[in-house]
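Visitor: Mind looking at a prediction? Sequence and model below.
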Amino acid sequence: MNFEPTIISFLCNWCSYTGADLAGTARMKYAPNIRIIRLMCSGRVDPTFVLESFKKGADGVLICGCHPGDCHYHEGNYKCLRRYHFLKKYITQLGIEPERLHLEWISASEGKQFAELINSFTETIRELGPSKIKNVIETYT
Amino acid sequence: MEEIRIGVYVCWCGTNISKMVDVEDVAREIETLPYVVVARDYKYMCSDPGQDLIINDIKKHKLNRIVVSACSPRIHELTFRKALENAGLNPYMFEMANIREHVSWVHTSREDATKKAKALVAGAVSRVRWHNSLDKRFVEINPATLIIGGGISGISAALEIADSGKQVYLIEKTGQLGGFAAKIDLSSPFMYSAPQMINPKIDKIFKHPQITVFLNTQVEEMSGYYGNFTTKIKTEEDHEVELKFGNIILAIGLSTFDPSVIENYKYGKIPDVITSLEFEQYLISGKILRKDGSVPKNVAIIHCVGSRNSNYHDYCSRLCCKNALKYSNLIRAAIPDANIFELYSDMRAMGDGCEELYSATSRKNVMFLMFDQKNGMPDIREASSDDNCKMVIEMDEKLSGERVEIPADLVILMVAIEAQKEAKKLAQAIGISMCGNQFFIERHPKLDPVATTTDGVYIVGSCQAPKGIPHSVAQARAATARILARINVGHVEVEAATAKVNEDICCGCQTCISICPYSAISLDEEKQVSVVNEVLCKGCGTCCSACPNGAIRAQHFTDTQILSQIDGLLEKSLQLQEGLL
C-alpha cells in the first residue's frame, strides 16, 4: 500500500481560504490529503499549532496567507513570515525535515495556484515518506 | 459545568456534495463521537426546512452546540448562526465544516472524499465543544458616505444618497466630474447623447447642499472601521482636511490599454492609427478626418486590441464590440461612400439592443473579417505610392482561410479596458482584495456583487470589471440601497470575536502592544497589564500568537479550540488510514 500523507493546512479567512473556495467553485481537482483549518489571519498561526500538528501525526503543515501588502489586517502575514522562519529552524532541531513545513501566499483569486500548490506540496511530502516524530515522541514519553 | 450536547448536520447540497461524499455514512460515523447527541443528513440544510430541523432538534434534544457540514462558511455561516439565535442559542455555539468547496467539488474519488469529509467534521465537532457564548456588539454609524471617483457610477451613487438627506463626500482625482462617460459622444447601442445624460447630473451635484466635491484630490490612507472611517485628504488649495464617514463607495472606474506594445498595429508610428478613445474626440468635434485633413475613403476598425489575448489581457472588455458597431454606423452616416471594415476575432455584441445593432450594421455594407488572436493577426504597414490608399492591413481571414490585404486610410483600434493604475494602492490602503487583473474583487460573485470583504466598503462600476453605463448605474444604486438601509438602522454590528487579556497571567511585557496593527491594546499603568479596546480590535489574533505567557485569548479562535480541531482532524484521519491497512 502506497504511503498517503496527512497534511494540516492553516488558511487565512480573507485571501487564502477564499482562494481555496474558488478552486472548489471552479471545480479544479487536487490531492485529497489536505485538512484545512480556517483562521482569521495567518498572523494567528501560533507556533504551537504547527508543533501540535506534527506531534499528533501530521506528515506536513502548510500555511497560506495574503500576499505581502494585501493582508486584511495590514501586516499579520509579515508576523507569520517571521514565525515561519523561526519554526523552520526549530522543527529541524527536533528532527523534522524542514520541507515538511511550507508557507505560501495565496490571494482570493488564485484558485488555480492553490490547487497546484496542494498537488506539489502533497508530492513533496509523499516523497519524504511518513513523519517519524510522532513515533519518537511516543517512544520517549 | 453544563453538559455538552452537540448536533451535527451533514448537507447533501442536492447532488453537489452527495455525488462525491457518502453523506449518510459521514453522519452515521460522526454520531459515534463523544458529546454528539444527534447526527443527521439532509438534502438542503440552508433551506427553511433544513434550518427548522436544527431549531427543532435544539429544543427537543437540548442541544447546545451545532455543527453543519455543508458549503463554505463564507456563504452560509451567518444563515446558520441566525438559526441558532432563533432557537435561543448563542450564535457562536456553531461551527461549519466545508465539505463542498474543499471536498466534493475538488476530489475525484468518492472513498477519499468521504474519508476527508469525516475528518473535517470530526475536527469541527472537536472544536465546537470548546466554543463560548459571545455577545453581539454595536457601534453607532456615521451617516456620511465617502465616494471615491466622480464618473457615472460615483455621480449616480452620490445623488441617490444625498437626495435622501445624507451627507456625501465625493472625491475625484481629475479636475472635472463625468469620468469616461464624459469623453464619449453617443452611447451604444441606443445612441443617447452622453453629455445630455451626464451634464445635468454634474450640475445637480455641484448645487446639492448634501454633497461636498473635492476635485484634483486623491485618498492616500484610511483608518477606522465599518461605521466610523476617517481619512485625511489634501485639497486643491493644499489644505489638509479630515473627513469622517460610515461607509465607502469605490467608483474609480477604468483606464485603457496602451496599444503601442502591439508591434503589428504601429500605434504611435503611423499617425492615422488611432485608439477608440481618440476617435470619440473626432466624433465630438463632428469631423472624421485624417491627420492631413483629408476625408478617409477606407476605414478599418480592429477589435480586441489587448483583450482576449494571453499576451495582454485574457478577459473580454465587454464594451468594444458594441462601440465598434456604433462607429461603423456613424462613419457610414458621415461618409456614405466609405469602405468600412470591421476586423474582429469574435463578435460579442451581447446585451439589450446590441444584437439588433449588429444585424443593422451588417446591412449597411460593412465588411466583417475574422482574425485569429494567435495566428495571422492583422499587420498594418504604410502603403506604397502605387496603392490607392494610405495603409495596407494584411491578415489571415479565418472564415475563408485566405490571406487578405485590406486598404485603409484610417485605422481605429478598439483598445481594451484596464483597471486604474492607482487601484492597487487604494486596495491596500482600504484593505480590500483584487483579482489577478487588478480589478477590485466583490465579496461574492453572485450573492454579494457590490460589497467587499471589508464591511462598509462597496465597489461599483468598472473598477470591479469592465461594464457599460446601465450596469454601472445599477451597481451604484445597489450599493446606495445597502448603505441607506444600514444608516436607517443607526448602528452596525462589529466583530464580537475580539482579543481578551487575562489580567492574572499578563506580565506587562507589552509585546502585544507593539504588534497590534490597530493600536487597540494599551497598558493599564496602575495594574501593569495590557488592556484591549474592544471597539478597535478586529479579532485577527496576532497578539494572541505572540503573547509569551498565553495571557491573551483570541475569542472564537482560542488555542484550545484550534488545538482541539487539529486533534479531531488528525485522530479521525489516522484512524481511517489505519483502518485501510
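Guide: Right, received. Where do you want to start? Residues are numbered from 1 along each chain as shown, chains lettered A, B, ... in the order given.

Visitor: Now do the contacts for B:Gly508.
Guide: Contacts for B:Gly508 (C-beta atoms under 8 Å, 6 or more residues apart in numbering or on different chains) come out as B:523, B:528-530. Yep, even glycine has a C-beta here, placed from its N, CA and C like the rest.

Visitor: Which helix or strand contains it?
Guide: Here B:Gly508, judged by DSSP states H and E, is contained in no helix and no strand.

Visitor: That one and chain A: what is the separation?
Guide: As for B:Gly508, its distance to chain A is 21 Å (criterion: C-beta to the nearest C-beta, to the nearest Å).

Visitor: Then B:Ile459?
Guide: Relative to chain A, B:Ile459 is positioned 13 Å away (C-beta to the nearest C-beta).

Visitor: Kindly provide the distance from the spatially closest residue to that residue that is not a sequence neighbour to chain A.
Guide: In this structure, B:Ile459 finds its nearest non-sequential neighbour in B:Phe440, 4.4 Å apart by C-beta to C-beta, 6 or more residues apart in numbering or on different chains. In this view, B:Phe440 and chain A are 11 Å apart by C-beta to the nearest C-beta.

Visitor: What residues does B:Phe440 make contact with?
Guide: B:250, B:419, B:423, B:427, B:432-434, B:452, B:459, B:463-464.

Visitor: among those residues, which are in helices?
Guide: B:423, B:427 (DSSP state H).

Visitor: Out of the contacts of B:Phe440, which is nearest to B:Asp112?
Guide: B:Ser433 (30.8 Å; C-beta to C-beta).

Visitor: What does the pLDDT read for the closest one?
Guide: pLDDT recorded at B:Ser433 is 83.

Visitor: thinking A:Leu22 is in contact with A:Ser109, fair?
Guide: Yes - counting by C-beta atoms under 8 Å, A:Leu22 does reach A:Ser109; the two are 6.8 Å apart.

Visitor: neighbour-wise, which of the two wins?
Guide: The neighbour comparison of A:Leu22 against A:Ser109 (other C-beta atoms under 10 Å in any protein chain shown) goes to A:Leu22, with 25 against 18.

Visitor: Now look at the helix or strand hosting the more buried one and say if it contacts chain B.
Guide: Using DSSP H and E, A:Leu22 sits within helix A:16-25. Yes - using C-beta under 8 Å from any C-beta of the partner chain, helix A:16-25 comes into contact with chain B via A:17-18, A:20-21, A:23-25.

Visitor: now for that helix, which elements pack on it?
Guide: Under the contact criterion of 3 or more C-beta pairs under 8 Å, 6 or more residues apart in numbering or on different chains; DSSP states H and E, helix A:16-25 touches strand A:7-12, strand A:34-39, strand A:60-65, helix A:111-128, helix B:73-86.

Visitor: right, so of those, which gets closest to B:Ala119?
Guide: Closest among these, using C-beta to C-beta: strand A:34-39, at 5.7 Å.

Visitor: and the angle from the helix or strand following that closest one to strand A:34-39?
Guide: Once the chain leaves strand A:34-39, the next helix or strand it forms, by DSSP H and E, is helix A:47-55. Between helix A:47-55 and strand A:34-39, the angle comes out at 160 degrees (axes from the mean of the first three to the mean of the last three C-alpha atoms, to 10 degrees).

Visitor: Since that was my last question, I'll sign off now.
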